[in-house]
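Visitor: have a look at this fold, sequence not included:
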């Protein structure tokens with residue numbers, strides 16, 4: 001089992017920045033890929049970004065490319081999502097997910113999910 005806890009969400013003005021963190025605990029020694037997803041009420045969970053265990057490969061949704069950066073520090077068992085130039089449409093609950101392999105944008109393939117952190121962007 002891997003437990004994930006997100007933090008760093010909050011209220012920010014449009015154009016501002018936030019950094020989300022995803023701390024993992026439990027059976028993390030085998031390595032895992034991490035994905036960030038977001039969801040707004042009434043909509044399906046949307047892929048944002050993903051990263052492999054080594055951090056050598058990342059993948060972004062077109063809507064965030066160039067504004068968001070995913071990274072990880074395996075020594076701290078923590079993944080990050082740096083968000084810049086935030087737009088009102090970026091407002092959502094952001095979830096991190098982990099998978100023993102690498103599932104990229106496929107939400108259904110991730111085994112573990114955090115509880116989410118709210119990001120609100122004021123215009």
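Guide: Looks like it came in fine. As the structure is a computational prediction, the values presented were derived from the model and not from experiment. Residues are numbered from 1 along each chain as shown.
Visitor: for this structure, what spans make up the strands?
Guide: 2-7, 10-13, 18-26, 33-39, 46-51, 58-60, 68-73, 78-83, 92-99, 112-113, 117-122 (DSSP state E).
Visitor: once you drop chain neighbours, what's closest to the residue nearest the centre of the chain?
Guide: Centre of the chain computed as the mean C-alpha position; nearest residue by C-alpha atoms, centre = their mean is residue 36, 2.5 Å away. Among residues not flanking residue 36 along the chain, residue 48 sits closest, at 4.3 Å (C-beta to C-beta, 6 or more residues apart in numbering). For every residue, glycine as well, the C-beta is placed using N, CA and C.
Visitor: so the one you found sits against residue 69, correct?
Guide: No - Residue 48 is beyond contact range of residue 69, at 11.1 Å (criterion: C-beta atoms under 8 Å).
Visitor: what do the two both touch?
Guide: Contact with both residue 48 and residue 69 is made by residues residue 81, according to C-beta atoms under 8 Å, 6 or more residues apart in numbering.
Visitor: more neighbours, these two?
Guide: Of the pair residue 48 and residue 69, residue 48 is the one with more neighbours under other C-beta atoms under 10 Å, namely 25 against 16.
Visitor: just the pLDDT for the more buried one.
Guide: pLDDT for residue 48: 98.
Visitor: dump the residue contacts of it.
Guide: Counted by C-beta under 8 Å, 6+ apart, residue 48 has contacts 35-38, 60-61, 64, 68, 81, 94.
Visitor: distance of it from residue 68?
Guide: Distance of residue 48 to residue 68, computed by C-beta to C-beta, to the nearest Å: 7 Å.
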